[in-house]
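**Q** The following comprises the amino acid sequence and a computationally predicted model.
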Amino acid sequence: MPVETSYTLLKSLHVICALATLLLFIWRCRAVFSGRALSRRWLRHVPDSVDTLLLGSGVALLFVIGLSPLAGGWISVKLVAVFIYIVLGMVTLHFGRTMAIRRKAGAGALFVFAYILLLAHFKEVLPLAG
């Protein structure tokens, strides 16, 4: 398969998974904030599967375009931001001791997600303030 085709398919998968991840995170936040448990077992596992596809497609994209995540620049910042998003998501959905902490972590996670999208779109490090 030509590199251009591989890149296009992987990027499309990555973008679809990113959108699905965002929507599933918002959906899970609503359930947590309203005090409703996710009733069906498969509904609890779908986000994990989507996140795995998102990670896998991101790693595959790095290989296809020949970019090292340790090379510095926007991709390294994006990986750090993804880690921060994951931690904030865990606080929001599982480990926040109070609802106020969970809500603040959820808002922070959405802010970091938006920053990740900006990094991916512009492919340069953008200051958070200033």
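**A** Arrived safely.

**Q** Name the residues of stretch 38-58 that come out as buried.
**A** Residues of stretch 38-58 classed as buried: 47, 50-51, 53-54, 57-58 (neighbour count, 16 or more other C-beta atoms under 10 Å). C-betas here are computed from N, CA, C, even on glycine.

**Q** before we move on, what about stretch 1-15?
**A** For stretch 1-15, by 16+ other C-beta under 10 Å, it's 10-11, 13-14.

**Q** swap in stretch 63-76?
**A** For stretch 63-76, by 16+ other C-beta under 10 Å, it's 64, 74-75.

**Q** wait, which of these is closest to residue 28?
**A** If you rank these by distance to residue 28 using C-beta to C-beta, residue 75 comes first, at 27.3 Å.

**Q** doesn't residue 66 make contact with the closest one?
**A** No - using C-beta atoms under 8 Å, residue 75 is not in contact with residue 66; the gap is 11.6 Å.

**Q** outside of the helix or strand harbouring residue 81, which residues touch it?
**A** Assigned by DSSP states H and E, residue 81 belongs to helix 74-90. Residues outside helix 74-90 that contact it (C-beta atoms under 8 Å, 6 or more residues apart in numbering): 25, 62, 67-70, 105-106, 108-109, 112-113, 115-116, 119-120, 122-125.

**Q** Which pair in the buried residues of stretch 1-15 has the greatest spatial separation?
**A** So, the buried residues of stretch 1-15 by C-beta to C-beta: farthest apart are 11 and 13, at 7.3 Å.

**Q** Tell me the pLDDT of the residue nearest to residue 108 when sequence neighbours are not counted.
**A** Spatial nearest neighbour of residue 108, chain neighbours left out: residue 88 (4.8 Å); criterion: C-beta to C-beta, 6 or more residues apart in numbering. pLDDT for residue 88: 97.
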